[in-house]
Structures are given as structure tokens and as C-alpha cells.
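K.L.:
What would the 3D arrangement of this be:
(one chain, ligands or ions: 1)
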Amino acid sequence: MLRYLTAGESHGKYLSGIIEGFPSNVPIDVDKINADLKRRQMGYGRGDRMKIEQDRIEILSGVRNSKTLGSPIAFLIQNRDYKNWEKYMDPIKIEDNSRKVTRPRPGHADLCGAVKYNFADIRNVLERSSARETAVRVAIGSIVKQLTDYFYIDVMSHVTAIGNVSLEKNIWDVEKIKDADKSPVRCINKNTEDKMINEIEKAKKAGDSLGGAFEIHITGVPIGLGSYVHWDRKLDAKLAYSLMSIQGIKAVEIGEGFGSSRLKGSEMHDEIFYNPKKGYHRETNRAGGIEGGMSNGENIVIRCYMKPIPTLHKPLQSIDIETKESFIATVERSDTCAVPSASVVGEMVAITVIADEFLRKYGGDSLEEITKRWKE
Ligand code: EPS
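P.N.:
Below you'll find the model as predicted:
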């Protein structure tokens, strides 16, 4: 139903996006999109690049007088750092080749990308594989959220681990997750937050980087998004596919996830209850809101696991692709940890999948038509 494309290099002039299949007459508040773009830029552990950028959306088409037209929504996000990179990144003529990269970082797209696309300069790979691209996906998620908001579907996230520091499950409080933005590491427990910050500081001093985990909650999802009837229509599969496509994500679990393999059937499955006010409901949510590839009306709960950033000051063995000699990596600028930012990206990517499935079930050309179908 919804299709979208992203384009742009990390140090190119602009990032851009196009959304197709979005209904008409949805009110769009640009300030909300800019607020989500800002949320993605925050987070303890980011490098100096985030001091340069102040991501803001410029809508080019598909919106008129703050309402969607049903036509493709195209937009730009400016890379403010481009002015420092113009002579290395100009699309027509590069005046200076001194930012050529020939030393691939282990764990990055660098080597495979250069071999696959036959590049002598790894910059051609890293510019696009950079997580800077996620700014566009946040803008897209923030636009579609203005549709799902209408139908009382909400999304939130919090960071549950940075490196070896984890939030204990017994101190999770779902209500507090809404306040995760108040924490510089998006952690809902002050004690754990302090430990996470300390862990990032230690890694930074050691020239190292850190990964971690975050959890996404989606509330208000009606029963029956996704389907069991065919493998490529399953909601959990679609969420996992999209979330795994976020740079650095190595695992995704839904509900009990990995833990479910260790539980007995009687311990795992959520018993079914009914009352006229609530309809069908559960008192536990180990399924994470999805059964048989369909939403079951409970909150959708997803955890994503991110590897440490591959750009390291700490030496790792690699090979120079020009000379084929081994070298020890050296780098100038990088993030130490981007898990808090990734959790915001995760929210926006997940809500885009939910919006797509919502439109598949209740879709129409205009907001009014969708509302009518949803109310029936
Ligand atoms: C990134 C490297 C860093 C990050 C960047 C992703 O950028 P730079 O190479 O300019 O220092 O800050 O993330 C962003 C710019 C962003 O907006 O998230 C990388 O190599 O993936």
C-alpha cells in the first residue's frame, strides 16, 4: 500500500525521500516531523557531526495547506556538513581526491561494497551505507504517524541495554517509556542510566565503541493486521525485515522472543478472556501482540539488538585495497554509541510497517473513507 524510497549520501548536499500511496486530507504538522528528527539526533555517545547538523524537513510535494493530497510526498533534509565536503562530494566534478578511502573497516559495508560495485574508493560505499540515511526514515515514520495517531495507535521506545549494562526487566514500567526522551541515553531508570553513561565514557576513552538493545511498544493496534494465509503477509516477518534493515541491527525479537524457546507451552501462551467492554483480551503478553502473523489487539512489543559501531580508534586488523598490505586502522571522527538514536529510528520504522498494514485492512483514498471503514 505504502511505498517509499530514500536517497542521499552522508556528506552529499541533501537527503531525500518519496512516499507513495499515502491517503489524502491527512493534516500534516511539520513541527512534529522536525521534533522527531531532533529526537533522532540526540543521545549520549554521538560524535561531533551531530553538533553540525540540525535536521529539518523541507516538503516539496504531496502536501498543500498542511494537508496531504494523495499524490507522492517528496521532501529534502539538508546536510549542513556539505559545505565542508563540497570539493570531495560534488556530483559533477571533484576538485580534491584527498578524502579517498582505501582501508575498509571490519564490521562495516566498506569491503563488500567496494568489491560488489567495483570501487577503488571506499568513500563511494560508506557515504550511502552511513546511518545518516535513517534521518529520512524518521521523517517518513513521523509523517505516517500523523495518520496512525488519528486511529489512536501510538508508538514509543526505550533503551534497555548499552554494552554490558542492562535494565533489569523487573524495573520496567511501561508508563515510564513515554518519558524516555528525558534521558540522554533514553533509559527509564536513573541508576541504570548513570551506569550506561559511564560505560559510554569508558569506551570513548579506550577508543572503542558500544552496541546495545532497545525495545519498541506499539499500542492501540486493532486485531487482524497482517495475515497467516501467506508467508509474505505475516506482520512479525514484516516488522523483523524492516527493523533488521536499520544500520547496525543484528537481531530482532518479538514478545518473549529468544526466551520463548525455553518456556513450556503452559508457561508461554497468553490465555484468552472476553468481556463486552474490552472484547477479547489477555492478561499477559508473552506473544508480544502478534499470533499467527497477525496483531492480536495487545501491545506489540519488539526488542532490537545493535552491534557496536565499526568506526574505531582502537586498532583492528584489515587490508588496504590499493596496496593489499595489512594496516592498523586510524580514523578521525565517529560516534561511540548510537543506540539511543537507533531506538528512535526503530519506532519510526515500526510505525511505518503498522501504517502500511493498517491501510491494507482499512485503506481508502482519503482520510474520510478510511475513517468510515475503520468505524464499521
Ligand atoms: C556515520 C558516521 C558519523 C555519524 C553518522 C553515521 O558521521 P561522520 O562520518 O560525518 O562523522 O555521525 O551519523 C549521522 C551523520 C547521522 O545523522 O546519524 C557512519 O559512518 O555511519
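
K.L.:
which bits of the stretch 251-376 of the chain sit near the ligand?
P.N.:
311, 333-335 (C-beta under 6 Å from any ligand atom). For the C-beta atoms, the positions are set from N, CA and C on the backbone; glycine is no exception.

K.L.:
Out of those residues, which is nearest to the ligand?
P.N.:
Sorting those by distance to the ligand puts residue 333 at the head of the list, at 4.1 Å, by C-beta to the nearest ligand atom.

K.L.:
got the contact list for the closest one?
P.N.:
47-49 (C-beta atoms under 8 Å, 6 or more residues apart in numbering).

K.L.:
if you set the cut-off to 10 Å instead, what comes out?
P.N.:
Listed by C-beta atoms under 10 Å, 6 or more residues apart in numbering, the contact partners of residue 333 are 47-49, 311.

K.L.:
quick revisit: pLDDT-wise, what's the bottom of the residues of the stretch 251-376 of the chain next to the ligand?
P.N.:
Least confident entry in these, by pLDDT: residue 333, with 77.

K.L.:
ok, back up a step: so of the contacts of residue 333, which ones are in helices?
P.N.:
Residues of the contacts of residue 333 located in helices (DSSP state H): residue 49.

K.L.:
Are any of the residues of the stretch 251-376 of the chain next to the ligand buried, and if so which?
P.N.:
311, 334-335 (16 or more other C-beta atoms under 10 Å).

K.L.:
what about stretch 291-304, distance to the chain center?
P.N.:
Remark: stretch 291-304 is offset 18 Å from the chain centroid, using C-alpha atoms, centre = their mean, to the nearest Å.

K.L.:
hey, which helix is longest across this structure?
P.N.:
helix 339-362.

K.L.:
next SSE after that one?
P.N.:
helix 367-375 (DSSP states H and E).

K.L.:
Same question for that next one: list its buried residues.
P.N.:
Buried, per 16+ other C-beta under 10 Å, within helix 367-375: 367, 370.

K.L.:
residues in contact with that helix?
P.N.:
23-27, 67-68, 70, 147, 150-151, 222, 358-359, 361-364, 366.

K.L.:
Also stretch 190-198?
P.N.:
44-45, 159-168, 171, 182-187, 189, 210, 212, 337, 339-340.

K.L.:
go again using 7 Å as the cut-off
P.N.:
By C-beta atoms under 7 Å, 6 or more residues apart in numbering, the residues outside stretch 190-198 that reach it are 44, 162, 165, 167, 183-185, 187.

K.L.:
give me the number of residues near the residue of the stretch 151-300 of the chain found nearest the ligand?
P.N.:
Proximity to the ligand, evaluated over the stretch 151-300 of the chain using C-beta to the nearest ligand atom, is greatest for residue 247 at 6.3 Å. For residue 247, the count of nearby residues is 18 (other C-beta atoms under 10 Å).
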